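# give the three-dimensional model of this entry:
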Amino acid sequence: MSVRDLIPWGRNNGNQVSSLLRDDDRDPFLSLYREVNRLFDDVFRGVGSGLPSFGNASAFGGGWPSVEISDTDKEIKVTAEVPGLEEKDIEVLLNDSVLTLKGEKRSESEDKDRQFSERYYGRFERRIPLGGEVKEDQVDATFRNGVLTVSLPKSEKAQSQVKRIAIKS
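This is a model prediction of the structure:
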């Protein structure tokens, strides 16, 4: 058995998927090379901007800080995990139906002998388009145990614009 027999896209056993791929996409090493290059490009794209590029959506699944968004008929709720930060380190802005979370994570110590660290520090900014009208004067933000929760009540107009569409089989 050859290595090619172990790779599903390398076999040509009547599988229609393999006929749709270009010749260079069938080579697993070339695909790996491209993916590694894409990963490095994504990580280092924001190096000069002062923002951590770890939050690049395509590289690490959505950005930093990690957020959960729930959208009900009456409100939009955004929950962000910001471990290691305090309330004074975060700024919450709402402008033109875009919620912006920004702040800075500082290093606790000046350890110049540190050889390796997977932790990251610096400024961050996360913009979340809300796509609907909210009551800006009733927006509420709370911070507890490293979790920021922003509740954005929807306007009556946004609540009335919801239209349910029947699914036909």
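# every contact and neighbour count from this point should use C-alpha atoms.
Fine.
# for the protein, what's the longest helix?
If you go by DSSP state H, the chain has its longest helix at helix 28-44.
# tell me the mean pLDDT for that helix?
Helix 28-44 shows an average pLDDT of 79 in the prediction.
# now do it: which elements does it pack against?
Helices and strands touching helix 28-44, as assessed by 3 or more Cα pairs under 8 Å, 6 or more residues apart in numbering; DSSP states H and E, comprise helix 57-60.
# C-terminal to the helix it packs on, what's the next element?
Going down the chain from helix 57-60, the next helix or strand is strand 66-71, by DSSP states H and E.
# got the contact list for that following strand?
76, 77, 78, 79, 80, 81, 82 (Cα atoms under 8 Å, 6 or more residues apart in numbering).
# for residue 88, phi and psi?
Per-residue torsions, residue 88: phi -70, psi -20 (degrees, to the nearest 10).
# what's the pLDDT at it?
Looking at residue 88, its pLDDT is 90.
# the one 3 residues further on too?
On the pLDDT scale, residue 91 is placed at 94.
# just the pLDDT for residue 52.
Per-residue confidence (pLDDT) for residue 52: 43.
# which residues of the chain fall in strands?
Ranges of strands within the chain are 66-71, 75-81, 90-95, 98-105, 122-129, 140-144, 147-153, based on DSSP state E.
# what is the last one packed up against?
Here strand 147-153 touches strand 75-81, strand 140-144, going by 3+ Cα pairs under 8 Å, 6+ apart.
# comparing those strands, which comes out most buried?
Ranked by mean neighbour count, the helices and strands packed on strand 147-153 are led by strand 75-81 with a mean of 18 (mean count of other Cα atoms under 10 Å).
# circling back to that earlier point, any chance of CSV for the contacts of strand 66-71, columns distance to residue 155?
Converted to CSV, the contacts of strand 66-71 look like this (distance: Cα to Cα, whole Å):
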residue, distance to residue 155
76, 11
77, 14
78, 17
79, 20
80, 23
81, 27
82, 28
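# return the most buried member of the strands of the chain.
strand 147-153 (a mean of 20).
# in its sheet, which strands sit next to that one, and in what direction?
strand 75-81 (antiparallel), strand 140-144 (antiparallel) (DSSP bridges).
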